[in-house]
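Q: here you go, sequence then predicted model.
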Amino acid sequence: MLPPITAPTAPTPAPTASDTRLRAAAQKLEAQFLAEMLKHAGLGETGGEFSGGIGEEQFASFLREAQAGEMVRAGGIGLAETLFEALKERIDDAG
């Protein structure tokens, strides 16, 4: 049996420096959003006798931000890509 015939695809253009900066900003915004959602979900909260007080709250925020950043690097929830496409379209229309 022969392998299926596929149509040649056009090469994808390399991203411009502007696109790279715009995508990084969109990913940073998604990471901040996810960190806030993790905070409201209670990630990193401890209570009771072993609570670390204000210092623990500060370090818990670093943990949430790091986890949110990793979530975005792993593909996130699609917010960064949606933001990137919307902003890119707006910039292209203005230019």
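A: Received the coordinates, thanks.
Q: use CA for all of it now, contacts and neighbours both
A: Noted.
Q: distance of the residue nearest the centre of the chain relative to Leu29?
A: When CA atoms, centre = their mean is applied to the chain, the residue found nearest the centroid is Val72 (3.2 Å). To Leu29, Val72 is 10 Å away according to CA to CA, to the nearest Å.
Q: extract the C-alpha set from stretch 31-38 and format it as CSV.
A: Presented in CSV, the C-alpha positions along stretch 31-38 are these (Å, rounded to 0.1, in the frame of the first residue of the first chain):
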residue,chain,number,x,y,z
ALA,A,31,0.6,33.9,33.1
GLN,A,32,-0.5,36.8,35.4
PHE,A,33,-4.2,35.8,34.8
LEU,A,34,-3.5,32.1,35.6
ALA,A,35,-1.5,33.1,38.7
GLU,A,36,-4.5,35.1,39.9
MET,A,37,-6.9,32.3,39.2
LEU,A,38,-4.6,29.9,41.1
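Q: buried residues in it?
A: Neighbour-count burial for stretch 31-38 flags Ala31, Gln32, Leu34, Ala35, Glu36, Leu38 (criterion: 16 or more other CA atoms under 10 Å).
Q: and those residues, which of them are in strands?
A: When DSSP state E is applied, the buried residues of stretch 31-38 are split such that none fall in strands.
Q: helix, strand, or coil at Gln67?
A: The three-state label for Gln67, taken from DSSP: H, G, I helix; E, B strand; the rest coil, comes out as helix.
Q: show me the shaky parts of this structure.
A: 1-2, 47-50 (pLDDT under 70).
Q: which stretches of it form helices?
A: 17-40, 53-73, 79-94 (DSSP state H).
Q: out of those, which is closest to Thr6?
A: Nearest of these to Thr6, taken as CA to CA: helix 79-94 at 27.5 Å.
Q: in the closest one, what's buried?
A: Buried residues in helix 79-94, defined by neighbour count with 16+ other CA under 10 Å: Leu79, Ala80, Glu81, Leu83, Phe84, Glu85, Leu87, Lys88.
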